[in-house]
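Student: After the sequence you'll find the predicted model.
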Amino acid sequence: MVDVESEGGVTRIFLNRPEKVNALDSAVLGQLLAALLRISESPDLRAVVLAGRGKAFCGGADVKELSALTAANAGRFVQNIHAVCDAIRKLPVPVIARLHGAVIGAGLEIAAACDLRVAAEGTRFAMPEVRLGIPSVVEAALLPRLMGAGRAAWLVLTGEAIDARRAYEWGLIEEVGGVDAVDAALKAILRNDREALRMQKQLLQLWDEAPLATSIEKSIELFGRAHR
């Protein structure tokens, strides 16, 4: 249900449940988390691409598992989604989401946890949880940082979908394109210094979360370390 391919310092991870539009159940989330934790230890790792087999990147959480959740186990299920997103954010190298077809709910949260997002023409993005009687949670909290509070509110309050062009205009994705666009981004990344990229990834996450003074202080520290 999760395929991993590594070559030349680049690891490509594919959600591989095409018959279910790569919907996320506990088994898929467990395999994905294990793969992320495993590759994070590789000293040769330089970049990661996260993609989906079949007609879509990810159709969101598995409807069958969602319908079986209770007050006792619902928190554990979304914690599993958060663990995957957190592992993506903590990877020491740039992560590109290669998106196509549908990017829905938890699938969009996983894409938001990546550093860069490239979506094929015609890709649809949606956060429809409110239509199912639940709020959008965990890494949906990244959406206002990516696209602004108002546009994030539009997604999570209406539950309606937007296409790749609007997602680009709103800042949710960095480029509209297919495999060639992802390969071009990878080529640009791989031209750069390995250790500088790892430092920059660390700083990007810090800039998301820390006060300005803390971010600047850490930037100065890493700048000095780079010169050593």
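Tutor: Thanks, I have it. Residues are numbered from 1 along each chain as shown.
Student: residue boundaries of the strands in the chain?
Tutor: 2-7, 10-15, 47-52, 95-99, 102-104, 116-119, 124-126, 162-163, 175-176 (DSSP state E).
Student: Run through the neighbouring helices and strands of the second one.
Tutor: Just to be clear, that refers to strand 10-15. strand 2-7, helix 26-39, strand 47-52 (3 or more C-beta pairs under 8 Å, 6 or more residues apart in numbering; DSSP states H and E). To be clear about C-beta, it is placed using only N, CA and C from the backbone, and glycine gets the same treatment.
Student: Show me what the second one is in contact with.
Tutor: This means helix 26-39. Applying C-beta atoms under 8 Å, 6 or more residues apart in numbering, the contact partners of helix 26-39 are 1-2, 4, 6, 11, 13, 15, 17, 22, 45, 48, 62, 65, 77, 80-81, 83-84, 87-88, 91.
Student: can you check stretch 180-198 too?
Tutor: Stretch 180-198 has contacts (C-beta under 8 Å, 6+ apart) with 8-10, 46-47, 49, 92-94, 96, 98, 116, 118, 175, 226.
Student: now it, how far from the chain's geometric center?
Tutor: Between the centre of stretch 180-198 and the centre of its chain there are 17 Å (C-alpha atoms, centre = their mean, to the nearest Å).
Student: Can you list the buried residues in that stretch?
Tutor: Residues of stretch 180-198 classed as buried: Ala181, Val182, Asp183, Ala185, Leu186, Ile189, Leu197, Arg198 (neighbour count, 16 or more other C-beta atoms under 10 Å).
Student: Could you do stretch 144-152 as well?
Tutor: By neighbour count with 16+ other C-beta under 10 Å, stretch 144-152 contains the buried residues Leu146, Met147, Arg151, Ala152.
Student: and the worst-scoring helix or strand of the chain on mean pLDDT, how far from the chain's centre?
Tutor: Every helix and strand in the chain was compared by mean pLDDT, DSSP states H and E; the lowest is helix 212-227, with a mean of 87. Counting by C-alpha atoms, centre = their mean, helix 212-227 is centred 26 Å from the centre of its parent chain.
Student: Mind listing what's buried along it?
Tutor: Lys218, Ser219, Leu222.
Student: repeat for stretch 165-183
Tutor: Buried residues in stretch 165-183, defined by neighbour count with 16+ other C-beta under 10 Å: Ala167, Tyr168, Trp170, Leu172, Ile173, Glu174, Val176, Gly177, Ala181, Val182, Asp183.
Student: how about the CA coordinates for the least confident helix or strand of the chain, as PDB?
Tutor: Presented in PDB, the C-alpha positions along helix 212-227 are these (Å, rounded to 0.1, in the frame of the first residue of the first chain):
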ATOM      1  CA  LEU A 212      11.100  36.300  15.000                       C
ATOM      2  CA  ALA A 213      13.900  36.800  17.500                       C
ATOM      3  CA  THR A 214      14.300  33.100  18.000                       C
ATOM      4  CA  SER A 215      14.400  32.500  14.300                       C
ATOM      5  CA  ILE A 216      17.000  35.200  13.700                       C
ATOM      6  CA  GLU A 217      19.200  33.900  16.600                       C
ATOM      7  CA  LYS A 218      19.100  30.300  15.200                       C
ATOM      8  CA  SER A 219      19.800  31.600  11.700                       C
ATOM      9  CA  ILE A 220      23.000  33.300  13.000                       C
ATOM     10  CA  GLU A 221      24.100  30.100  14.700                       C
ATOM     11  CA  LEU A 222      23.600  28.000  11.600                       C
ATOM     12  CA  PHE A 223      25.400  30.600   9.400                       C
ATOM     13  CA  GLY A 224      28.400  30.300  11.700                       C
ATOM     14  CA  ARG A 225      28.200  26.600  11.600                       C
ATOM     15  CA  ALA A 226      28.200  26.600   7.800                       C
ATOM     16  CA  HIS A 227      31.400  28.500   7.800                       C
END
